[in-house]
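Chemist: I need the structure of the sequence given here:
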Amino acid sequence: MSKKSVNDKEMVMTGQYLGVVEEFLPDKHSTFVKDGEIFSTKIGIASIDKNKREIEVKTFQEEDRKIVKIGDIVIGTVLFLRLYSIGVSFHTINNKLHFNSSYMGNVHVSEISNKYVEKIQDAFQITDIIRAKIIGQEFNEYKLSTKGKNLGVIQAECLICGTELEKEGFNKLQCPRCGNIEYRKLSEDYRNVKEKLRY
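Modeler: As a prediction, this is how the structure comes out:
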């Protein structure tokens, strides 16, 4: 009699059979393989990525975590501009809302875009809301990147009158009130963010 593979979101126990290596790519942190069979190394929820054929076991704490890890996507506000980087305060981590977050990050000029950026001010301004990916950590500050179509500014206000800017082109914005033209490194969903924010 053949063993039955687990389903996505199914609760599993330590040592439980999950499937075979022909079916799934095992996660090295939460599973182990013996004779081609995959087993869980902890109690948690089976998480199956059908597109990548990957399986891992996530604990309830990981499913609901509010700590930052490399690879996470964050949304935050630009607090200050430096000569070669910007400072960002995080508001959401992987679509989870954080009030009074103490997490800070920075985007170096080399991580703004795949295209050359001469001046930081051509990509970001203070109070811009941006989406970025965490690519590293240095002490208590995280290194961020806004390279990619879905990363960059998702909301911006006019530097002159404070009105929310409207998208006019690839990286061009215009104020509907005073006509001021500004430039940013825009996410493709600028002012049209679909993410559901939850605690």
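
Chemist: give me the three-state assignment for Ser47.
Modeler: State at Ser47, reduced to three classes by DSSP: H, G, I helix; E, B strand; the rest coil: strand.

Chemist: mind listing what it touches?
Modeler: Residues in contact with Ser47 (CB atoms under 8 Å, 6 or more residues apart in numbering) are Asp8, Lys9, Ile55, Glu56, Val57, Lys58. All C-beta atoms are positioned from the backbone trio N, CA, C, and that covers glycine.

Chemist: is the closest residue in space to the first one that isn't next to it in sequence in a bridge, and if so with what?
Modeler: Leaving out its chain neighbours, the residue that sits closest to Asp8 by CB to CB, 6 or more residues apart in numbering is Ile48, at 4.2 Å. Per DSSP bridges, residues listed as beta-bridge partners of Ile48: Ile55.

Chemist: let me know the pLDDT of Ile48.
Modeler: Ile48 is assigned a predicted lDDT (pLDDT) of 93.

Chemist: what's the next secondary structure element after the helix or strand bottoming out on mean pLDDT in the chain?
Modeler: Least confident helix or strand, the chain: helix 60-63 with a mean of 59, by mean pLDDT, DSSP states H and E. For helix 60-63, the following helix or strand on the C-terminal side (DSSP states H and E) is strand 73-81.

Chemist: what pairs with that next one, and is each one parallel or antiparallel?
Modeler: strand 85-93 (antiparallel), strand 129-138 (antiparallel).

Chemist: ranking these by burial, who's on top?
Modeler: The highest mean neighbour count among the strands paired with strand 73-81, using mean count of other CB atoms under 10 Å, belongs to strand 85-93: a mean of 21.

Chemist: how close does Asp189 get to Lys147?
Modeler: According to CB to CB, to the nearest Å, Asp189 and Lys147 sit 16 Å apart.

Chemist: and this structure, what are its domains?
Modeler: 11-63, 73-183 (automatic domain parsing).

Chemist: looking at those, which is buried most?
Modeler: domain 73-183 (a mean of 17).

Chemist: which stretches of the chain aren't confidently modelled?
Modeler: Residues of the chain that meet the criterion pLDDT under 70 lie in 1-2, 60-66, 98-101, 196-199.

Chemist: right, I'll leave it there.
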